[in-house]
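>>> One predicted model, sequence on top.
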Amino acid sequence: MDRDIHKDFDIFSRALIVSGDDDPTYPVVRKIVNHYNFQPEWFTFMYVSFYNLESAIEVCKEMPTMRDWKSSKFIQLREHIKLFGHERRGTNRIILNQVNALEHIIRNFKLSKTEDNLTLRKKIEKYPFHGPWAAFKIAEIFEKSFDYSNLTIKDLGIDDRDVNRSDGPIGGLRWLYGRDNVYDDSYKKVWNNFGNNLSKAWGVDIGKTETVLCKFHKLVSGKYYPAHDVDELYELKNVLGDKAYKSIVVNTFPKLNEIKGVNKNLKGLYKREGTIMYEELANELPSADVYQILMDTN
């Protein structure tokens, strides 16, 4: 199938950003915290501990703030709370490891309005069972869900990544720069500059560009479709109840069709046919000549 991957990336990225499926978790997290009156920082750490909203909600319903923490109650709750995101696997799922990490957070965490993104991430990376990925995600939630504008990221968050793998935004970057090439760490600076230049062309912050690069790799690999991550939020219907689910999830994404859960058949649509769902939404953002920006960036 003939297609221009750079043009497709531009269309896909703009459509995704307008749809709200670039980072649908952030507005939903804000609404969950407001609905239940959870302590924002506490819910953030609990969510990232599981990387599953349903599990975090279930725990925080019983312990809505750090002051309500009881390790014995958490251990009891974990007898039936077992949902984790893929990113939280291995030793991160051991109950006593979660207890250790959460109690360390309760004792040590303070969030300052003057901290920048990198300072906060480096601090959190030192916490038990919190590496670079968790620190990046936590800082981003504080910024996007709770308006800590001092935590705005200034790069693609690839300093600790292997440039020849497909983790995070590097997966998307390698499709655009050449999938079969071998890269060295000097490309990290080039790719961060490219991310900044793309963001300016679209008129968005670099956090959105980081996200669309991550998801473009999944799209091309046949593991994603626009609206996929919003469709995943259908799983919250049981824990939220119909009324709260409509307010917190459905009403947050008015540009998308009815949310019915993930449709596995749509994941391979672009790979099979070159079709980008919700392509028409791309017109709401200025287009970028991705290939020319790439060639002009050093």
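Sure thing, it's come through.

>>> What lies in contact with the one helix or strand Val28 maps to?
Val28 is located in helix 25-36, with elements delineated by DSSP states H and E. Where contact means Cβ atoms under 8 Å, 6 or more residues apart in numbering, the residues beyond helix 25-36 that reach it are 20, 38-40, 43-44, 47, 53, 57, 60-61, 64, 140-141, 144-146, 229, 233, 236, 244, 247-249, 252. Just so you know, the C-beta spots here come from the backbone N, C-alpha and C atoms, and that holds for glycine as well.

>>> please redo it, this time with the cut-off set to 7 Å
By Cβ atoms under 7 Å, 6 or more residues apart in numbering, the residues outside helix 25-36 that reach it are 40, 43, 47, 57, 60-61, 64, 141, 144-146, 233, 244, 248-249, 252.

>>> from those residues, which single one is nearest Asn197?
The shortest separation between Asn197 and any of the contacts of helix 25-36 is 21.8 Å, and it belongs to Lys144 (by Cβ to Cβ).

>>> Can you get me a residue count around that closest one?
The tally of other residues near Lys144 (other Cβ atoms under 10 Å) stands at 20.

>>> Below-threshold pLDDT in the stretch 151-298 of the chain: ranges please.
Segments of the stretch 151-298 of the chain classed as low confidence (criterion: pLDDT under 70) are not present in this model.

>>> all helices in it, in order from the N-terminus.
Here the stretch 151-298 of the chain has its helices, by DSSP state H, counting those that start in this stretch, at 169-177, 187-202, 206-220, 228-232, 237-240, 242-248, 269-273, 290-296.

>>> So for the helix holding Val28, what gets flagged as buried?
For helix 25-36, the neighbour count (16 or more other Cβ atoms under 10 Å) marks Thr25, Tyr26, Pro27, Val28, Val29, Arg30, Lys31, Ile32, Val33 as buried.

>>> immediately after that helix, which helix or strand?
helix 40-50.

>>> ok so, going back, Throw the buried residues of helix 25-36 into TSV and include pLDDT, thanks.
Output for the buried residues of helix 25-36, formatted as TSV (pLDDT from 0 to 100):
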residue	pLDDT
Thr25	96
Tyr26	96
Pro27	98
Val28	98
Val29	98
Arg30	98
Lys31	98
Ile32	98
Val33	98
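
>>> Pipe these into a markdown table and attach distance to Ala135 per row.
Formatted as a markdown table, the buried residues of helix 25-36 follow (distance: Cβ to Cβ, whole Å):
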| residue | distance to Ala135 |
| --- | --- |
| Thr25 | 17 |
| Tyr26 | 17 |
| Pro27 | 22 |
| Val28 | 21 |
| Val29 | 17 |
| Arg30 | 20 |
| Lys31 | 24 |
| Ile32 | 22 |
| Val33 | 20 |
